[in-house]
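1. the sequence and its predicted three-dimensional model are supplied below.
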Amino acid sequence: MTDQLTPQTEGRVFQGTGDLYDAIGTHVGYSSWHEVGQGRVNEFADATGDHQWIHVDVPRAADGPFGGTIAHGYLTLSMVPMLVWEVMRIDGLSMEVNYGAEKVRFPAPVPVGSRVRAGVELLSLIPAGDGHRLISRVTVEREGGDKPVCVVDTVSYLVA
């Protein structure tokens, strides 16, 4: 619901689905940069039970394939809502919920200590039931990286 969105200092504000229709096929913008620290990775490991050494064992990971610990791919994916809220907000809705995700990929790792941001492109807005399904392509990139770290087509269900 829009009253639960984090406050924005920047980003695009849409006034309902009418504004969204006009923006389909466009890149909306980028979030700010966010550091992915070892504390966040450890908390995610505790929350999910995924304590694989490449994520949480700093000494062992230093000698591993990435030269240090890396964030879980699903941790990066779980940051997508927060990052998108910095890019855009839709006013005039009674409800906005995650409906699903399509084509999730993790083309590159996120070394712990890296900073990431997301870019958002609006792909489609489809009437569905009492609302609309908004499909957005979210591309998360690592500062200084040459490939995205996560690309996902998110599906949101919007009700006016």
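-> Received it, and whenever you're ready, just let me know what you need.
2. please look at residue 141 and residue 115 and confirm they touch.
-> No: if you go by Cβ atoms under 8 Å, residue 141 and residue 115 don't touch, sitting 9.6 Å apart. Placement of C-beta: from N, CA and C, glycine included.
3. so which of these two has more stuff around it?
-> residue 141 (21 against 15; other Cβ atoms under 10 Å).
4. find the nearest non-adjacent residue to that one, please.
-> residue 148 (5.2 Å; Cβ to Cβ, 6 or more residues apart in numbering).
5. same question, residue 32
-> In space, residue 32 is closest to residue 86, 5.9 Å off (Cβ to Cβ, 6+ apart).
6. now the top helix by length along the chain: mean pLDDT?
-> Criterion DSSP state H: the longest helix present in the chain is helix 38-48. The pLDDT scores in helix 38-48 average 98.
7. how about that helix: buried residues?
-> 40, 41, 42, 44, 45 (16 or more other Cβ atoms under 10 Å).
8. against residue 31, how distant is the residue sitting nearest the centre point of the chain?
-> With distances taken as Cα atoms, centre = their mean, the residue of the chain nearest its centroid is residue 80 (1.4 Å). To residue 31, residue 80 is 10 Å away according to Cβ to Cβ, to the nearest Å.
9. what does residue 51 give?
-> Taking Cβ to Cβ, one finds residue 51 at 28 Å from residue 31.
10. repeat that for residue 49.
-> 28 Å.
11. who has more neighbours out of residue 51 and residue 31?
-> residue 31 (23 against 11).
12. any chance you could map the strands in the protein?
-> 12-15, 27-30, 34-35, 88-91, 95-105, 115-128, 131-142, 148-159 (DSSP state E).
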